[in-house]
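K.L.:
Output the structure for:
(one chain, ligands or ions: 1)
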Amino acid sequence: MKLRVAVAGGVTGGHLYPAISILEHLEKFVDVEVLYFSVKGKLEERIIPKIHPEYSLESLDVQGLKRPLTTYENVARLFKILKSKQKVLKVLRGYKPDFVIVTGGYVSYPVGIAAHKLKIPLFVQEQNVVPGLSNLKLSKYASKIFLSFKDSRDYFPKKLRDKLMVTGNPIRISSMGKKLSYDKPVILIIGGSGGSEFLNEVACKLAKELKNSYIILSSGGKKVPCKNGNLKVLNYIDNMVDYYNVASCVIARGGATTISELLYFDLPSVIIPWEGSTESHQLENARQIEKEGLGIVVKESEFSFEKILEKVRECVNLNKRNVKRKINPAEVIAREIIREVKRV
Ligand SMILES: CC(=O)N[C@H]1[C@@H](OP(=O)(O)OP(=O)(O)OC[C@H]2O[C@@H](n3ccc(=O)[nH]c3=O)[C@H](O)[C@@H]2O)O[C@H](CO)[C@@H](O)[C@@H]1O
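P.N.:
Next up is the predicted model:
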């Protein structure tokens with residue numbers, strides 16, 4: 001059986017990697033041909049050609065809506081989204097996918113709406129505890145809505161309850177097959193897929209204090225205000241699993257996909273959610289780490305370096321590693337999609 005699938009979800013790694021993980025798991029069961037709607041100039045246009053050159057990319061010129069939603073600038077942005085819907089409709093009419101998957105972010109909206117208009121089965125996947133606007137709007141057209149956390153159920157209307165499935169967030173971690181090894185504990189600092197200047201500064205201060213550790217920082221290409229022998233700065237890490245494998249402690253923002261990865265790999269962590277995130281959703285994601293007893297959440301507004309230093313020392317000493325194999329939520333989602341598509 002060969003299935004044609006059209007996908008949207010990107011701009012940030014948090015939306016992109018779950019989509020790729022689902023596609024890779026679908027391929028374990030059936031042949032798939034993939035058309036990916038990307039956003040012009042964004043992360044997916046750099047990553048997909050590198051890891052899946054066989055996917056076709058269809059680039060859309062869209063921008064997300066600013067908050068508060070009632071700003072003048074949003075009129076032009078909304079117009080771009082509606083215009084891109086026409087392009088998506090045309091592409092989907094020609095491509096005739098068997099189904100469409102969206103994993104959120106503003107690019108998902110025109111693609112999901114077009115799928116609904118053309119009566120193509122639509123699957124929505126949400127990473128965050130607090131669902132994103134596009135996914136919420138599209139949920140009423142979806143055949144199934146896959147949720148990462150059960151707390152998300154309350155955000156959807158009661159009449160959609162039957163379509164909701166709590167699966168966990170698909171984990172897509174690339175390995176270079178290269179075993180890294182360090183002779184001191186490794187503290188991995190990731191400011192999400194775009195980096196965080198705030199965490200870059202924290203990394204500098206920690207490197208100065210914790211001489212008996214290596215600090216590895218994914219900086220997102222943002223400014224790092226120091227150079228230090230035990231601080232290794234990478235603009236972007238292509239093989240996260242290799243670094244997760246050697247990390248004793250991870251310091252991160254509250255992006256849902258990073259949080260899910262930390263939970264999946266049972267990595268002790270200190271989470272400092274980005275407070276500018278829409279509806280403070282990063283704080284809600286981060287709380288899941290505390291719920292599982294895997295780490296601690298420190299609010300940026302209550303931040304003090306001394307507190308972080310103390311928490312990082314505790315985190316490095318935790319050494320909690322649950323090596324038992326877990327089922328990747330992507331596998332559950334892939335099986336469910338195939339079951340649904342066969343039913344139609
Ligand atoms: C600024 C912004 O809009 N942030 C949102 C975005 O975050 P963002 O893209 O930062 O999302 P996450 O932290 O959830 O995920 C980042 C992903 O990129 C990967 N990675 C990261 C750094 C690196 O060097 N290499 C690498 O591969 C991580 O392993 C992870 O898979 O999507 C998340 C999931 O919807 C949301 O919760 C975040 O609030």
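K.L.:
got the residues of this protein near the ligand?
P.N.:
Residues of the chain found near the ligand (Cβ under 6 Å from any ligand atom) are 12-15, 17, 104, 127-128, 190, 192-194, 218, 236-237, 240, 255-258, 261, 277, 281-282, 285. Every C-beta, even on glycine, is put in place using the N, C-alpha and C of the backbone.
K.L.:
Filter those residues down to the ones in helices?
P.N.:
Residues of the residues of the chain next to the ligand located in helices (DSSP state H): Gly13, Gly14, His15, Tyr17, Met240, Ala256, Thr257, Thr258, Glu261, His281, Gln282, Asn285.
K.L.:
Same list (those residues) but as a markdown table, adding pLDDT and neighbour count.
P.N.:
A markdown table is the format used below for these (pLDDT from 0 to 100; neighbours: other Cβ atoms under 10 Å):
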| residue | pLDDT | neighbour count |
| --- | --- | --- |
| Gly13 | 97 | 22 |
| Gly14 | 97 | 29 |
| His15 | 98 | 31 |
| Tyr17 | 97 | 30 |
| Met240 | 95 | 23 |
| Ala256 | 97 | 29 |
| Thr257 | 98 | 26 |
| Thr258 | 97 | 28 |
| Glu261 | 96 | 22 |
| His281 | 91 | 20 |
| Gln282 | 94 | 30 |
| Asn285 | 93 | 30 |
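K.L.:
contacting residues for the one residue in the stretch 101-250 of the chain that gets nearest to the ligand?
P.N.:
The minimum distance from the stretch 101-250 of the chain to the ligand, using Cβ to the nearest ligand atom, falls at Gly192 (2.3 Å). With contacts defined as Cβ atoms under 8 Å, 6 or more residues apart in numbering, Gly192 is in contact with Thr12, Gly13, Gly14, Gly220, Ala252, Arg253, Gly255, Thr258, Trp274.
K.L.:
Can you get me a residue count around the first one?
P.N.:
Right, Thr12. Residues within reach of Thr12, counting by other Cβ atoms under 10 Å, total 19.
K.L.:
How about the contacts made by it?
P.N.:
Thr12 touches Leu43, Gly105, Gly192, Ser193, Gly194, Gly255, counting by Cβ under 8 Å, 6+ apart.
K.L.:
In terms of model confidence, name the weakest of the residues you listed.
P.N.:
Lowest pLDDT of those: Gly105, 93.
K.L.:
Nearest residue to it in space, please, no chain neighbours.
P.N.:
Closest residue to Gly105 apart from its sequence neighbours, by Cβ to Cβ, 6 or more residues apart in numbering: His15 at 4.3 Å.
K.L.:
and what of Lys50?
P.N.:
Distances taken as Cβ to Cβ, 6+ apart put Asp238 closest to Lys50, at 7.7 Å, once the chain neighbours are dropped.
K.L.:
same deal with Leu160?
P.N.:
Nearest-residue entry for Leu160: Ser139, 5.7 Å, with adjacent residues in sequence omitted and distances by Cβ to Cβ, 6+ apart.
K.L.:
Am I right that the residue nearest to Lys50 is in contact with Lys178?
P.N.:
No: checked against Cβ atoms under 8 Å, the pair Asp238 and Lys178 is beyond contact range at 11.1 Å.
K.L.:
in the strand or helix carrying Ile22, what counts as buried?
P.N.:
Using DSSP states H and E, the element containing Ile22 is helix 13-29. The neighbour-count check on helix 13-29 (16 or more other Cβ atoms under 10 Å) flags 13-26 as buried.
K.L.:
which secondary structure elements does it contact?
P.N.:
Applying 3 or more Cβ pairs under 8 Å, 6 or more residues apart in numbering; DSSP states H and E, one finds that helix 13-29 contacts strand 2-8, strand 31-39, helix 43-51, strand 99-102, strand 122-126, helix 256-264, helix 329-343.
K.L.:
Now render these as TSV, adding distance to Leu92.
P.N.:
Output for the helices and strands packed on helix 13-29, formatted as TSV (distance: least, Cβ to Cβ, whole Å):
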stretch	distance to Leu92
strand 2-8	6
strand 31-39	8
helix 43-51	18
strand 99-102	8
strand 122-126	11
helix 256-264	26
helix 329-343	16
